[in-house]
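> Here's my sequence, what's the structure:
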Amino acid sequence: MKLTTWIVLVPMAIIAAALAVANRVAVTVSLDPFSLASPAIAFTLPLYQLIFGALALGVILGLLARGFGRAPVAKGNGTGALTGPAKA
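Model (predicted):
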């Protein structure tokens, strides 16, 4: 790996480890907005897992958006129908 990669990744790993150690408290995530007492969909997990999961989801969605943005677009003739190569 390049030196610049190590210079970036090592501090990020140290910060991530410190964040995980500092946020070990369990939190309950409820996906039911109508029932606070007994939600239909709820789960309990450490706060750092929620934070890292949200970051991972953001990275994955960003990579997908970048991939779809770079995909070639089929060009038509303006009628909505795609045209093939020109024939002589």
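> Send me stretch 18-30 as CSV with only the CA atoms.
Provided in CSV are the C-alpha atoms of stretch 18-30 (Å, rounded to 0.1, in the frame of the first residue of the first chain):
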residue,chain,number,x,y,z
ALA,A,18,-12.0,5.2,20.2
LEU,A,19,-15.5,5.9,19.1
ALA,A,20,-16.5,2.3,19.5
VAL,A,21,-15.1,2.1,23.1
ALA,A,22,-16.7,5.4,24.1
ASN,A,23,-20.2,4.5,22.8
ARG,A,24,-20.8,1.0,24.1
VAL,A,25,-24.2,1.9,25.7
ALA,A,26,-27.2,0.0,24.3
VAL,A,27,-29.8,2.1,22.5
THR,A,28,-33.3,1.0,21.3
VAL,A,29,-34.1,1.9,17.7
SER,A,30,-37.9,1.9,17.1
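> How about residues contacting it?
The contact list for stretch 18-30 (C-beta atoms under 8 Å, 6 or more residues apart in numbering) reads 36, 39, 41-48, 50-52. Placement of C-beta: from N, CA and C, glycine included.
> filter those to the buried ones?
47-48 (16 or more other C-beta atoms under 10 Å).
> okay, the contacts of stretch 18-30 in TSV with secondary structure next?
Shown next, in TSV, are these (DSSP: H, G, I helix; E, B strand; the rest coil):
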residue	secondary structure
36	coil
39	coil
41	coil
42	strand
43	strand
44	strand
45	strand
46	strand
47	helix
48	helix
50	helix
51	helix
52	helix
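> Mind picking the lowest-pLDDT entry from the contacts of stretch 18-30?
Minimum pLDDT for these is recorded at residue 36 (82).
> what residues are up against that one?
residue 30.
> Got phi/psi on it?
Reported as degrees, to the nearest 10, the phi and psi values for residue 36 are phi -80, psi -30.
> where's it relative to residue 28, distance?
11 Å (C-beta to C-beta, to the nearest Å).
> same thing with residue 1?
For residue 1, the distance to residue 28 - C-beta to C-beta - is 40 Å.
> before we move on, what about residue 71?
40 Å.
> And the helices in this structure, which stretches?
3-22, 47-70 (DSSP state H).
> Let me have the ones you listed in a markdown table, extended by distance to residue 32.
Compiled in a markdown table, the helices of the chain are given as follows (distance: least, C-beta to C-beta, whole Å):
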| stretch | distance to residue 32 |
| --- | --- |
| helix 3-22 | 28 |
| helix 47-70 | 17 |
